[in-house]
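*Asks:* One predicted model, sequence on top.
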Amino acid sequence: MKYRRISFLFSVAAIGCAAASAGVISRDWSDGKLSLKLDDGAETIEWISPEAFRVARTWGPPIQLSKIAHEKVEPQLEDAGSTLTMRTRFLTVTIDRGDVSMAVASGATPVTRMSSAKTDDGVELRFAMGPQERVFGLMGGSRGVLNIRGEKLEREHGFFFTSAGYGASVRSPARCVFDMANGTVTGAGASSVEYLFYYGPTAKEVLEQHGNARGQSEVKGTALDLLTPDRLPKVATPLPAGVVASWDALAGLVQRMNEWSLSGVVYPALNLASFDSAPKEIRQRAADLSSMFPLVYRTSGEGGIDPATRAEWTPYLLTYLREAYDRGYPLIRPLPMQFSRDENAQSDVFMLGDEVLLAPVVEAGERRKIDLPRGNWTDLRTNREYPGRQTIEVDAPAGRVPAFVRNGWIVPLAEKDQMELHYFPSLGAEFFLWEPDIEENSQFHAAPAGDFVRVEVESKKRRTYEWVLHHTGAPRLVEEDSGPYTQVARRALLRPGAWWHDDARNDLHLMMRVEAGTDRIVNMSF
């Protein structure tokens, strides 16, 4: 920790030197906006949430700022003469009056420090980065890894975030060079810079702040159909539609999904026609992936997604379409987004929502290696459980993408005229299922408590539910307040008020019929 702290201070000193020409002449503070008149221009800091603010710095004419919709934010302002300090319940931002550099902290923990400067060629924005800090976003780099630290990339309106718990979206200049070796952003020929700063501290929270600042449009459930280009939602971002006729190209496409999602692309769309000229095995693996991928379309040709797989996963996908609208989370969630404190940044796997890890097969054969994140994971196909933080190799026959669920989650799957609720103990879990036709959430809860397990359904619709409790032995008693459930000898005999234990897989099944607007609780004793 001492080495990291010293390196951080060294970066801060370098920033101070780069921007030493500026100085505050006067200030104005109103409605969460600090306007500074400087001896070489002006700067505005506008708070858009307690965790995010906009910075606009000019060495020329005033910047015409676009309006960002947000709730009223009222930070505290302290003027100590040599510094100006703004505080929210999450952040402390201290501005040096001499060079206008800004130190950002969360409580007593430094987050980063920023400064901007006019150069002979244009403008420069600098972020202090620690030696082990990882960087993601900017639509990916050139080295084939998700961590772009050390790369130098030219991008338009770039967004990135780091493992230190913050992110930034550069709005102006329109095109910049992002040097992620030393944390600088340069814009040639420019006389001003505008960017948004987001604090997480997790990657997921940074991406939520970025989504809130941009605003989101809702994508309806019909977007889960196989679409034609004219039916693609306007907010969808088509993935590269070039020919994907090799394994390397398929692996590259999956990596691109990850890179774009880490760059704030909420609704990526996959073109099935990209695979039409590929060998049969690659086409099959692409079809497997497409059946689980939220937005899929065809520009030409024939063939589509597997209807049975799509129908099974539709309730789950509908819920995450709604969450994308509500919170701005990308539909595809790379590992650095879900496990921001882990160094596992495998680029050929991703999370679909919070619960499911997908590992598309991107090379010849029927085996797949996966670097599992922390936690215990269950292979949905075989029901085998694996401890996390290890590399495993599993059978991966064609027909479905290898999928794993971490313990402590509930996954709802449609099954004919009812719904299966798969619970993976031994941690407590909940799932809020979006019911688009009535625009409400049904809620499911499950939790162990010593020798007992409790499951609960608060359903907004009349529906039959089959709970599947994985890795759970046969109980002594299954009961509701209305009375005990009846044990049956095989799954085909299940009906509401009955339970069955799958000895071969060590799964417990129980069925209940729930009326709309009611709350049902089942307790199991072991």
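*Replies:* Cool, got the structure. These numbers come from a predicted model, not from an experiment.
*Asks:* Helices of the stretch 101-250 of the chain, residue ranges please.
*Replies:* Per DSSP state H, counting those that start in this stretch, the stretch 101-250 of the chain carries helices over the ranges 203-214, 247-262.
*Asks:* immediately after the host helix or strand of Tyr325, which helix or strand?
*Replies:* Assigned by DSSP states H and E, Tyr325 belongs to helix 307-327. Where DSSP H and E defines the elements, the next helix or strand beyond helix 307-327 is strand 332-333.
*Asks:* which helices and strands sit right next to the helix holding Tyr325?
*Replies:* Secondary-structure packing of helix 307-327 (3 or more C-beta pairs under 8 Å, 6 or more residues apart in numbering; DSSP states H and E): helix 203-214, helix 280-292, strand 409-415, strand 429-435. To be clear about C-beta, it is placed using only N, CA and C from the backbone, and glycine gets the same treatment.
*Asks:* The ones you listed into JSON lines, with extra columns for mean pLDDT, distance to Phe161 and mean neighbour count?
*Replies:* JSON lines is the format used below for the helices and strands packed on helix 307-327 (pLDDT from 0 to 100; distance: least, C-beta to C-beta, whole Å; neighbours: other C-beta atoms under 10 Å):
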{"stretch": "helix 203-214", "mean pLDDT": "94", "distance to Phe161": "4", "mean neighbour count": "22"}
{"stretch": "helix 280-292", "mean pLDDT": "95", "distance to Phe161": "26", "mean neighbour count": "20"}
{"stretch": "strand 409-415", "mean pLDDT": "97", "distance to Phe161": "25", "mean neighbour count": "19"}
{"stretch": "strand 429-435", "mean pLDDT": "98", "distance to Phe161": "26", "mean neighbour count": "20"}
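*Asks:* possible to save the ones you listed as a markdown table with distance to Gly365?
*Replies:* Converted to a markdown table, the helices and strands packed on helix 307-327 look like this (distance: least, C-beta to C-beta, whole Å):
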| stretch | distance to Gly365 |
| --- | --- |
| helix 203-214 | 32 |
| helix 280-292 | 9 |
| strand 409-415 | 27 |
| strand 429-435 | 34 |
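*Asks:* Thr391 is nearest to which of those?
*Replies:* Nearest to Thr391 among the helices and strands packed on helix 307-327 is helix 280-292 (20.7 Å), distances taken as C-beta to C-beta.
*Asks:* List the contacts of the closest one.
*Replies:* Applying C-beta atoms under 8 Å, 6 or more residues apart in numbering, the external contacts of helix 280-292 come out as 244-247, 250, 254, 270, 272, 274-276, 278, 296, 303-306, 309-310, 313, 352, 358, 360-362, 364, 398-401, 403.
*Asks:* what stretches of the protein score poorly on pLDDT?
*Replies:* Where the chain drops to pLDDT under 70, the residues are 1-21.
*Asks:* Helix or strand next in line after the helix or strand hosting Arg54, which one?
*Replies:* Applying DSSP H and E as the criterion places Arg54 in strand 52-58. Where DSSP H and E defines the elements, the next helix or strand beyond strand 52-58 is strand 76-79.
*Asks:* Please identify the pairing partners of that following strand and their relative orientation?
*Replies:* strand 83-87 (antiparallel) (DSSP bridges).
*Asks:* Quick check: next helix or strand after the partner strand?
*Replies:* Using DSSP H and E, the helix or strand that follows strand 83-87 in sequence is strand 92-96.
*Asks:* ok, for Ile48, nearest residue in space, not its chain neighbours?
*Replies:* Among residues not flanking Ile48 along the chain, His70 sits closest, at 4.2 Å (C-beta to C-beta, 6 or more residues apart in numbering).
*Asks:* same deal with Asn441?
*Replies:* Nearest to Asn441 is Phe432, by C-beta to C-beta, 6+ apart, at 4.3 Å.
*Asks:* Against Trp409, how distant is the one you found?
*Replies:* Between Phe432 and Trp409 the distance is 12 Å, computed by C-beta to C-beta, to the nearest Å.
*Asks:* Same question for Ala236.
*Replies:* According to C-beta to C-beta, Ala236 stands 27 Å off from Trp409.
*Asks:* Domains in the protein, by residue range?
*Replies:* Following automatic domain parsing, the chain resolves into domains at 2-214, 221-317, 333-403, 409-525.
*Asks:* Start and end of the shortest one, how far apart?
*Replies:* Which is domain 333-403. Across domain 333-403, the terminal residues are separated by 14 Å (C-alpha to C-alpha, to the nearest Å).
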